[in-house]
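*Asks:* sharing a sequence plus its predicted fold:
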Amino acid sequence: MKKYMILSIALFTLVSSLSFCFAGDSGEDHICFTRIDSNQDDSATFEEFKKFYGDDLEKFKKIDQDDDGKLTHDEYEEYLLDQEE
């Protein structure tokens, strides 16, 4: 019984995290924001961004709507939603 409970919890955690990361997006260009934000400070610098997207400063600037040099989760998700349209 204990083994099934642990397995259920692990499966629930995995499914929950995947649905959070990939909600609304099935495109190849999607990388979960929490992976980009490697230091987990709730924003992603160009240095963090380029580990996944390469040296694409133009894309970074397009996503960085307030032009503060950092991406927020909201800016990134809005960009991904725009890509779906």
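*Replies:* Good, I have the coordinates. These figures come from a predicted structure and were not determined experimentally.

*Asks:* which stretches of this structure have low pLDDT?
*Replies:* The model of the chain has pLDDT under 70 over residues 1-30.

*Asks:* how does it look with 90?
*Replies:* 1-31, 80-85 (pLDDT under 90).

*Asks:* do a quick rundown of the helices in it.
*Replies:* With DSSP state H as the criterion, the chain has helices at 2-22, 33-36, 46-53, 57-63, 73-84.

*Asks:* helices or strands up against the fourth one?
*Replies:* Using 3 or more CB pairs under 8 Å, 6 or more residues apart in numbering; DSSP states H and E as the contact test, the elements touching helix 57-63 are helix 46-53, helix 73-84. To be clear about C-beta, it is placed using only N, CA and C from the backbone, and glycine gets the same treatment.

*Asks:* alpha carbons of the last one, as CSV, please.
*Replies:* Right, helix 73-84. Output of helix 73-84 as CSV, limited to C-alpha atoms (Å, rounded to 0.1, in the frame of the first residue of the first chain):
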residue,chain,number,x,y,z
HIS,A,73,7.2,34.8,-16.7
ASP,A,74,4.2,36.8,-18.0
GLU,A,75,6.3,38.3,-20.9
TYR,A,76,7.5,34.9,-21.8
GLU,A,77,4.1,33.2,-21.7
GLU,A,78,2.5,36.0,-23.7
TYR,A,79,5.2,35.5,-26.4
LEU,A,80,4.5,31.8,-26.5
LEU,A,81,0.7,32.4,-26.8
ASP,A,82,1.4,34.9,-29.7
GLN,A,83,3.4,32.1,-31.4
GLU,A,84,0.3,29.8,-31.3
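
*Asks:* got the buried residues for that helix?
*Replies:* Buried residues in helix 73-84, counting neighbours by 16 or more other CB atoms under 10 Å, are found at 75, 76, 77, 79, 80.
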